[in-house]
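Chemist: Please find the sequence and the predicted model below.
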Amino acid sequence: MSTETPVVAGSPYRHIPDEVKKGWGWFLALGIVMVILGIAALGMQVALTLTSMIFFGALLVAGGVLEIVAAVRGRGWSGLLFHLLVGILYLVVGLLAIANPVEAATSLTLLIGAAFMVGGFFRIFASLSLRFHNWGWALLSGAIGVLLGLIIWRQWPWSGFYVIGLFIAIVLIFNGWAMVMFALAARCIVRRGSR
């Protein structure tokens with residue numbers, strides 16, 4: 001049964017269970033490992049991009065096989081053809097990604113660039129037209145999205161070799177850093193509660 005250490009009412013960490021607070025060292029270690037892996041990944045963006053495309057392809061193949069099996073098992077069902085076609089599509093796209101990870105990465109990178117640009121323009125439009133509280137941050141976020149999309153498109157197809165690996169590395173670093181900060185906050189709560 002989980003109990004909670006009393007914490008200041010306005011604290012964002014007031015609902016952290018004691019088990020999590022006591023295990024703050026594990027969260028700290030995990031965060032540090034993630035940051036180190038992210039920094040290491042910055043040096044091997046191409047390999048990480050290609051590996052992630054092969055992994056993504058394998059997931060699509062597995063999903064396609066499961067979709068086909070589910071469609072075949074439900075033979076009397078009216079959605080059989082739809083599920084069978086979706087399963088075949090997943091299977092084919094997955095096999096293509098595994099067989100051609102470079103082409104898969106460049107294609108996916110182009111889509112990422114387009115998504116950044118469209119999402120950025122949407123945020124810019126929404127922030128300028130709605131002018132909600134702190135709308136400037138949404139405007140800045142939109143401008144950064146458009147800029148990233150333009151950088152990806154301008155360097156395409158070469159950006160397809162490193163963008164996905166770079167994004168994975170950045171996510172690892174920031175998630176690891178967030179985990180480190182969470183662990184340090186939990187440690188502070190434990191130390192405050194033991195006084």
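Modeler: Sure thing, it's come through. Numbers count the residues shown, from 1 in each chain.
Chemist: which regions of the chain lie under the pLDDT threshold?
Modeler: The model of the chain has pLDDT under 70 over residues 1-22, 190-195.
Chemist: Tell me who's in contact with the residue most central in space within it.
Modeler: Nearest residue to the geometric centre of the chain (Cα atoms, centre = their mean): V171, 6.8 Å. Counting by Cβ atoms under 8 Å, 6 or more residues apart in numbering, V171 touches G38. The way it works is simple: take the backbone N, C-alpha and C, and place the C-beta from them, glycine included.
Chemist: got it, and A99?
Modeler: Each residue near A99 by Cβ under 8 Å, 6+ apart is listed here: G57.
Chemist: quick one, strands of the chain?
Modeler: Taking DSSP state E, the chain contains no strands at all.
Chemist: Helices along that one, start to end?
Modeler: Applying DSSP state H to the chain gives helices spanning 18-22, 24-42, 45-73, 80-99, 101-130, 135-154, 163-193.
Chemist: what about the residue nearest to H83 when sequence neighbours are not counted, distance to V92?
Modeler: Excluding its sequence neighbours, the residue lying closest to H83 (Cβ to Cβ, 6 or more residues apart in numbering) is A71, at 3.8 Å. Using Cβ to Cβ, to the nearest Å, one gets 15 Å for the distance from A71 to V92.
Chemist: Repeat that for V180.
Modeler: 42 Å.
Chemist: ok, the two, which is more surrounded?
Modeler: In this view V180 and V92 are compared by other Cβ atoms under 10 Å, and V180 has more residues nearby, 18 against 13.
Chemist: tally of neighbours for the nearest residue to V118 once chain neighbours are set aside?
Modeler: Among residues not flanking V118 along the chain, G149 sits closest, at 7.9 Å (Cβ to Cβ, 6+ apart). Per other Cβ under 10 Å, the neighbour tally for G149 reads 20.
Chemist: wait, doesn't G149 sit right on F116?
Modeler: Yes: with contact defined as Cβ atoms under 8 Å, G149 counts as touching F116 (3.5 Å).
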